[in-house]
Structures are given as structure tokens and as C-alpha cells.
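Visitor: Next one to model:
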Amino acid sequence: MSSFGLKNALIYDSDKEEFISGGIEVRDGVIIKIGALSESELSCAQDVGGRKIIPAMVDVHSHGRAGIDFCGASERELMCLKAAYAKVGTATVVPTLASATQDEWRATVENIKNCGFDAIHFEGRYLAPKKRGAHAPELLTLPNSSEMKELLDLAADMHVHVSFAPELKGGIEFIRFLSENNATAGIAHTEATYEEAMAAVEAGAVSFTHTFNAMTEMFHREPGAVGAALSSGRYAEFICDGVHVHPAVIKAAYNAVPHDKFVLITDSLMAAGCGDGEYTLAGLSVNVSGGIARTEDGAIAGSMLDLFTAMRNLMRFTGISLEQAIPCATSNPARMLSLDKITGSLKVGLRADMIVLDGCENEISGVYANGNLVN
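Guide: Below you'll find the predicted structure:
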């Protein structure tokens, strides 16, 4: 058995949203003790000098980074992606597959399953054509339960989340199908009215995908899908880069959505961590210039974010504290996809996915993924 400890730390408590003094003991990648350590444990533990330890980030919506797209990635590339995310503080990433053919999705699911990911997110194909964003129109289709059942069977024990437009023909039945098969539905790329979005919520949709982006806007007499996202009490995702949503709107949304349902995502594409240049996403060419990705017709195509930066942006945009911001990038997204029994918090029995902050508390000093120091 491999074990290690960290002492003289300020450890984040997700339930109380505060830091407590003490140490952490880890064995075989799992947290086995938090708080006061015994003399023998203290003698073997590494002294972190009073630094803060927070849960590692949990990104439930990301298409790639480091020059690799999850969709179509080989097993070697997927392991490279795991390492690339961990280096920037994200120990748990849910591979998000944009629109592709069924054969491409099927092959990618097999590779993702073989690489030990906890969940998979399909964001594509079942989208409203007028709200398709950076998805090639020829790849779009209506919700298809038999097609998805094949993918669910391939995914085996991985949790499956599907983002789609519920107003499409068969959309409500598709939500019920997902629920019956232990999968979850998110409302995305949608022309749904407020009433249609709320009908999807009533049918079992658990979240709103990249809220404000690629959905019907909110007006005072027509709340649209945005109005449903802000008022339904369901999970709502936000891309907090200052490009996809104005900082003032992020602040207003944070004040509207229950704080335990506010979820930060990156929606990053393969260009994240690489810089400006030409890339691809969902069957389309994407140009990144000045850190902003756009398709040839000008649609924003994902972000260049990492989730730790998104969390710091949230603090800056809203004025909230680190203690308030941490759940939005850790325990909230984990709970949204039922991963909270695995990760997302620093608790006994959970995976040792942790970030040690530097002395200034705004940079990463070290990252542990499954108990392994990766950065």
C-alpha cells in the first residue's frame, strides 16, 4: 500500500465552506483521515507551511486542450489529456463529445472507457439547427433513443450526460428514456420557449448547458430558456471567461441561481493551452485569434479556459470569496453528474484529488490526482 500525509495545512471543508487547520492522510489514492494527525502520522507527513488545500477542479464540460480533441482521440491521446488537465488543476474531467457520426462516437466511447474516466458527456447531434453554434449542420439529427442506447451500453459503468434541444420532436420522451437508463439530460443549443424548457425540467432534465449561450434569450414578457435556467432551481453551467458572458451578467446570474447549483465549466476546445491558430471542432474549422475561438461564420467556438482560472474569474466578476467560489468548480459539478461519491470534496473515502495553493492563495503550488503528485 502507498500512503502519504500533508500537515500544517488549512483544509477546505465543502459542507461548511470554510478552512480548518490540520492534516490529510492518503492511502492508495483515497483520503483516509482529515484533521488532527497522530504523532507517527505527523512524523511522516510533508509540512506544507500553512498553505491552503482545496479540492481539485471537476470539469464536466470540456472538449479538449493541449492540441487534442476528446472526440476521435486514441487511448494514448486520452492519457495525455488527463495529464494536461491535471497540470492546470483539473483532476476530474468529463470528456465532452461534440457532434460527430455515430461511428466516431462509438469508437471514442470505447477508448474513453478503457482509460478509466468517470463519466462522458455528449453535446451534439440532437441540437436545434438555428442554435447549433460551432456544430456542422450535416451532423445534426433528431433525438434517437436506439442510437443512444447503443452508446449507453458501450459506456457501461460510466455516468452519461446528454446535452440537447428538448423542443425537438421526441425530446420529452428522450429525457424520460435517459432517466430510465440512469443517464442525465441537459438543455442545450435550444430554441425552446420558457414553457418548453420548463416542461423539459418537469420531465427530468437536470441542467442547462453553458447558460446564455446558444439558447433563447430572456425578455421581460418572454423568459425563454435563459429565464428557465435562472428560475428553475436546476443546475446551470456558465463559461466564466468574460467572452461568452459579460462579467456583469455572470454576477446577476450568480445572484439568481441557487449557489449549490451554479456550475463553472470551460467548454474548452483543443486549442486550450496552445495559443492562436487553426483548429477543428464538431466538423468545422475554428480560428483562434487573441484567445477567442470562432468558426468561419463568426460563431464563438468553445473557450481557451482552464477551470482554476474560471474560478478566479468568478471571484473577480462577482466579488465573492474563495470559500464561496470553490464549490462552483468542484462539489457542484460533481454532484450534478452524481460523481460526488468519488470526488469533488475533501472527505474521508473520496479520491485524493487536491490542489495545494501557493502562499498568495491565487496560484497553484501542487496538484494531486488520485493521490499522485502531478504538478
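Visitor: now the helices: where do they sit in the stretch 151-300 of the chain?
Guide: 171-180, 194-203, 224-231, 247-256 (DSSP state H, counting those that start in this stretch).
Visitor: for these, which one sits closest to residue 365?
Guide: helix 247-256 (27.0 Å; CB to CB). Where C-beta positions appear, they are placed from N, C-alpha and C, glycine not excepted.
Visitor: can you state the direction angle for that closest one and helix 224-231?
Guide: 50 degrees (axes from the mean of the first three to the mean of the last three CA atoms, to 10 degrees).
Visitor: Averaged pLDDT, helix 247-256. What do you get?
Guide: What helix 247-256 shows for mean pLDDT is 98.
Visitor: so what's residue 15 up against?
Guide: residue 345 (CB atoms under 8 Å, 6 or more residues apart in numbering).
Visitor: Please repeat the previous calculation with a cut-off of 7 Å.
Guide: If you count contacts by CB atoms under 7 Å, 6 or more residues apart in numbering, residue 15 has none.
Visitor: The closest residue to residue 201 other than its chain neighbours: how many residues sit nearby?
Guide: Nearest residue to residue 201, sequence neighbours excluded (CB to CB, 6 or more residues apart in numbering): residue 232, at 5.0 Å. If you count neighbours by other CB atoms under 10 Å, residue 232 ends up with 23.
Visitor: Residue 159 now?
Guide: 19.
Visitor: now swap in residue 342 and tell me
Guide: 18.
Visitor: Double-check that it belongs to a strand.
Guide: No: counting by DSSP: H, G, I helix; E, B strand; the rest coil, one finds residue 342 to be coil, located in no strand.
Visitor: Wait, it touches residue 351, no?
Guide: Yes: under the criterion of CB atoms under 7 Å, residue 342 makes contact with residue 351 at 5.7 Å.
Visitor: So which of the helices of the stretch 151-300 of the chain is the most surrounded?
Guide: helix 224-231 (a mean of 24; mean count of other CB atoms under 10 Å).
Visitor: CA atoms only for the lowest-mean-pLDDT helix or strand in the chain, dumped as PDB, please.
Guide: Ranked by mean pLDDT, DSSP states H and E, the helix or strand of the chain with the weakest confidence is helix 39-44, at a mean of 80. Extracted C-alpha coordinates of helix 39-44, given in PDB (Å, rounded to 0.1, in the frame of the first residue of the first chain):
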ATOM      1  CA  GLU A  39       2.500  11.700  16.300                       C
ATOM      2  CA  SER A  40       3.500   8.900  14.000                       C
ATOM      3  CA  GLU A  41       1.400  10.300  11.100                       C
ATOM      4  CA  LEU A  42       2.900  13.800  11.700                       C
ATOM      5  CA  SER A  43       6.400  12.500  11.600                       C
ATOM      6  CA  CYS A  44       5.900  11.000   8.100                       C
END
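Visitor: picking that back up, can I get the helices of the stretch 151-300 of the chain in a markdown table including distance to residue 279?
Guide: As requested, those are exported to a markdown table (distance: least, CB to CB, whole Å):
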| stretch | distance to residue 279 |
| --- | --- |
| helix 171-180 | 30 |
| helix 194-203 | 31 |
| helix 224-231 | 28 |
| helix 247-256 | 26 |
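Visitor: So which of these is nearest residue 90?
Guide: Between the helices of the stretch 151-300 of the chain, helix 247-256 lies closest to residue 90; by CB to CB that is 19.9 Å.
Visitor: which other residues reach that closest one?
Guide: Contacts of helix 247-256 (CB under 7 Å, 6+ apart): 211-212, 230, 238, 240, 262, 314, 317-318.
Visitor: quick one: that helix to chain centroid distance?
Guide: Computed by CA atoms, centre = their mean, to the nearest Å, the chain-centroid distance of helix 247-256 equals 19 Å.
Visitor: Equivalent analysis for stretch 342-356, please.
Guide: On CA atoms, centre = their mean, the centre of stretch 342-356 falls 16 Å from that of its chain.
Visitor: Stretch 277-293 now?
Guide: For stretch 277-293, the distance to the chain centre is 20 Å (CA atoms, centre = their mean).
Visitor: Now it - C-alpha only, CSV.
Guide: What follows is stretch 277-293, C-alpha atoms only, in CSV (Å, rounded to 0.1, in the frame of the first residue of the first chain):
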residue,chain,number,x,y,z
GLY,A,277,-4.0,29.3,-34.7
GLU,A,278,-6.3,27.0,-36.8
TYR,A,279,-8.1,24.1,-35.2
THR,A,280,-11.3,22.0,-35.6
LEU,A,281,-14.4,21.3,-33.5
ALA,A,282,-17.5,19.3,-34.3
GLY,A,283,-16.7,19.0,-38.0
LEU,A,284,-15.9,22.7,-38.5
SER,A,285,-12.7,24.8,-38.9
VAL,A,286,-12.0,27.1,-36.0
ASN,A,287,-9.7,30.1,-35.9
VAL,A,288,-8.3,31.2,-32.5
SER,A,289,-7.2,34.9,-32.5
GLY,A,290,-6.5,36.9,-29.4
GLY,A,291,-7.5,34.0,-27.3
ILE,A,292,-11.0,33.9,-28.8
ALA,A,293,-12.1,30.9,-30.9
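Visitor: Much appreciated, bye for now.
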